[in-house]
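Colleague: Show me the folded form of this:
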Amino acid sequence: MITQKIFNDTKTAFKLKSNEDLNRALFLFSMINRPTLVKIGTYLTNISLKFHLPVEGLIKNTVFKQFSGGETMEDCMKVIDKMYAKKLYSILDYSVEGKEEEAQFDAAMKKKINVIEFASKKTELPYAVFKPTGIGRLEIWEKVSSQETLTQEEEEEWARVRNRVDLICGAGYKNDISVLADGEESWMQKSADELMEEMMKKYNQEKAIVFNTLQCYRWDRLQYLQDLHLKAKAEGYKVGAKIVRGAYMEKENERANKMGYPTPICESKEATDVSFNLVLAYCLAYLDDISLFIGTHNEMSNYLALQIMEDKNISINDDRVWFSQLYGMSDNISLNLAKKGYNTVKLVPFGPVREVVPYLIRRAQENTSVKGQTGRELSLLIEERKRRKGEHAIANRE
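Modeller: Presented below is the predicted three-dimensional model:
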């Protein structure tokens, strides 16, 4: 029975943080804990960058340093190697968002393939990730999802999008690096689901190379997973399932309300937790067919996964089960899981400071909207600072 609360061990959680790092994290999470400050900070940051005010240094030494590994892949290796020394793996994520032009989509695809090839030479980098709307306009994904008739020009654009996805997944297959497709808004997700299923059928014959993301705040995801499982068994391929709670709740509910259709989002936080945990349990019940990537900062869901693995005698380092959290957050989960021997990975964003700002802003906004997340981070950081002061006092007395 999993009874020991391993995620309370702050000494292990913050082993890699100097006192300076700890204090910076405390300051940042104190700020993020105030939604009004996040709104003001977001506005001022966007204005400053728009008018080319000299704020990049300030951003780089605060929020960028907390939530990003560096500006280049090589920069990131410093923090990646430090984490790997504690048995914690990493995923490099080139986190430049909001592009709209074909040349930019081609460049993003090449960057993703470049990351895959880089990762293939590093044991500490077992996965790669891409965002579907990072390699094709949201509008074209949306139009295909709603089964609207495409113009000749749009047919050609969609063919290019499909080709980019295939080249990324093919690079993963060739280099034996699993590829995670991020989840998107529900109104474009259908086309992404169908395309990722095609990629699974093509590349997941022997094991899961291609993973699709299931955002479990959607009440239909368990049924979707069950249907996908049956289809994959019938057609002879493995399912790669990355499960998360979800990132677009307010936007989803607002759109559903405005356009007069039933919201695809669970009615409450509790219902979302139930949805996530049911999807988690289903995957762990069918590991011969489904490889599972658990992306959550929720301690109870992580404990549930550990309990199910113990109950089903699933080895703690079974390669079909991975745990993941974002860099700069929930180190109490990541480093304690890694210490116990579970397959655990940090998503490490990187890119030029100015280009990564939209991603960093999204991180800050998500932290303010996730109930209790920032408060939990703060309490753990305060606990660790207190522990270090006590340790220092004892050492001085001796």
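Colleague: OK, contacts around Leu26?
Modeller: 378, 381-382, 385 (C-beta atoms under 8 Å, 6 or more residues apart in numbering). C-beta coordinates here come from the backbone N, C-alpha and C atoms, glycine included.
Colleague: In terms of pLDDT, where does Ser48 sit?
Modeller: At Ser48, the model reports a pLDDT of 79.
Colleague: With Phe7 instead?
Modeller: You'll see Phe7 listed with a pLDDT of 97.
Colleague: cool, the one 3 residues further on as well?
Modeller: Looking at Thr10, its pLDDT reads 97.
Colleague: And for Asn61?
Modeller: 89.
Colleague: burial measure for it, as a count.
Modeller: When neighbours are counted by other C-beta atoms under 10 Å, Asn61 registers 11.
Colleague: Most neighbours among the contacts of Leu26, please name it.
Modeller: Neighbour counts for the contacts of Leu26 (other C-beta under 10 Å) peak at Leu381, which has 24 neighbours.
Colleague: Break down the stretch 51-200 of the chain into its helices, ranges please.
Modeller: 56-60, 63-67, 73-84, 102-119, 138-145, 152-175, 186-203 (DSSP state H, counting those that start in this stretch).
Colleague: for those helices, which one sits closest to Phe27?
Modeller: Closest approach to Phe27 among the helices of the stretch 51-200 of the chain (C-beta to C-beta): helix 63-67, 9.5 Å.
Colleague: of the contacts of Leu26, closest to Pro358?
Modeller: Nearest to Pro358 among the contacts of Leu26 is Leu378, at 24.8 Å by C-beta to C-beta.
Colleague: where's that closest one relative to Thr62, distance?
Modeller: Distance, Leu378 to Thr62, using C-beta to C-beta, to the nearest Å: 16 Å.
Colleague: Run through this structure and note the low-pLDDT ranges.
Modeller: By pLDDT under 70, the weakly predicted segments of the chain are 1-3, 97-98, 365-372, 398.
Colleague: from the contacts of Leu26, which is closest to Ile316?
Modeller: The nearest one, if we look at the contacts of Leu26 relative to Ile316 and count by C-beta to C-beta, is Leu381, at 27.4 Å.
Colleague: Please name the residues that touch that closest one.
Modeller: Residues in contact with Leu381, defined by C-beta under 8 Å, 6+ apart, are 14, 22, 25-26, 29.
Colleague: rewinding a little: need the contacts of Leu26 in TSV (columns: secondary structure).
Modeller: Formatted as TSV, these follow (DSSP: H, G, I helix; E, B strand; the rest coil):
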residue	secondary structure
Leu378	helix
Leu381	helix
Ile382	helix
Arg385	helix
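Colleague: closest to Ser120 among those residues?
Modeller: Comparing those against Ser120 with C-beta to C-beta places Leu381 closest, at 35.7 Å.
Colleague: Which pair of the contacts of Leu26 spans the longest distance?
Modeller: Farthest pair in those (C-beta to C-beta) is Leu378 and Arg385. Separation: 10.6 Å.
Colleague: my guess is Val356 meets Gly69, correct?
Modeller: No: applying C-beta atoms under 8 Å as the test, Val356 and Gly69 come out as separate, 10.3 Å apart.
Colleague: overlap in contacts of those two?
Modeller: The contact sets of Val356 and Gly69 overlap at 349-350 (C-beta under 8 Å, 6+ apart).
Colleague: Could I get the contacts of Leu26 in TSV, plus columns for distance to Ala364?
Modeller: Converted to TSV, those look like this (distance: C-beta to C-beta, whole Å):
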residue	distance to Ala364
Leu378	14
Leu381	16
Ile382	20
Arg385	22
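Colleague: Among those, which one lies nearest to Ser186?
Modeller: Of all the contacts of Leu26, Ser186 sits closest to Leu378, with 32.2 Å by C-beta to C-beta.
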